[in-house]
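**Student:** Below is the structure, and that's it, no one-letter string:
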């Protein structure tokens, strides 16, 4: 019997759109069990420069309802590695534009703190389905 492959992804998932759904679909295809880490409001502000439109509990509830997602968790308030190690993923899938996580992950893998494979996922019509595009539309209306 083969071991089930656990895949983990990270994201804010504010103003959910088809690009997010494609990202989750691609990640799920890499394994048997998909864990989605939803950014805390304070971390989203730190990385993106602004608070999300929807709160962390609302965003978590939406992610939990998606059929590709086997488990959704709120990220750690201080350091992503804490809850990542608790989940023990075999693969961490990153979006085409997730640069900050990629740098930290590579450092933690090299230091031996983390033993996972990293997979970079493809963009899904990046000029059309990107959260910043939707947020600009919302502000105009």
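**Tutor:** Received it, and whenever you're ready, just let me know what you need. Note that the coordinates shown come from a computational prediction; the quantities given were computed from them, not determined experimentally.
**Student:** could you list every residue that touches residue 74?
**Tutor:** Residue 74 makes contact with 37, 38, 40, 56, 57, 60, according to Cβ atoms under 8 Å, 6 or more residues apart in numbering. For every residue, glycine as well, the C-beta is placed using N, CA and C.
**Student:** Next one: the residue of the chain most remote from its centre, what pLDDT does it get?
**Tutor:** Distance from the C-alpha centroid of the chain peaks at residue 1, with 29.2 Å (Cα atoms, centre = their mean). Residue 1 is assigned 81 on the pLDDT scale.
**Student:** Over to the one 5 residues further on?
**Tutor:** What the model reports for residue 6 is a pLDDT of 98.
**Student:** Mind checking which of the contacts of residue 74 land in strands?
**Tutor:** Judged by DSSP state E, the contacts of residue 74 include 37, 38 as members of strands.
**Student:** and which of the contacts of residue 74 is nearest residue 105?
**Tutor:** residue 37 (12.4 Å; Cβ to Cβ).
**Student:** Run through who's touching stretch 17-37.
**Tutor:** Taking Cβ under 8 Å, 6+ apart as the rule, stretch 17-37 contacts 4-11, 13, 63, 66, 68-75, 80, 83-84, 87, 89-91, 93, 95, 119, 121-126, 128-131, 134.
**Student:** Out of those, name the ones that lie in strands.
**Tutor:** Using DSSP E, the subset of those located in strands is 6-11, 71-74, 91, 93, 119.
**Student:** Separate out the buried members of these.
**Tutor:** 6, 7, 8, 9, 10, 11, 72, 73, 74, 91, 93 (16 or more other Cβ atoms under 10 Å).
**Student:** Tell me what the fifth one is bridged to.
**Tutor:** It stands for residue 10. residue 37 (DSSP bridges).
**Student:** how far away is it from residue 95?
**Tutor:** From residue 10 across to residue 95, the span is 9 Å (Cβ to Cβ, to the nearest Å).
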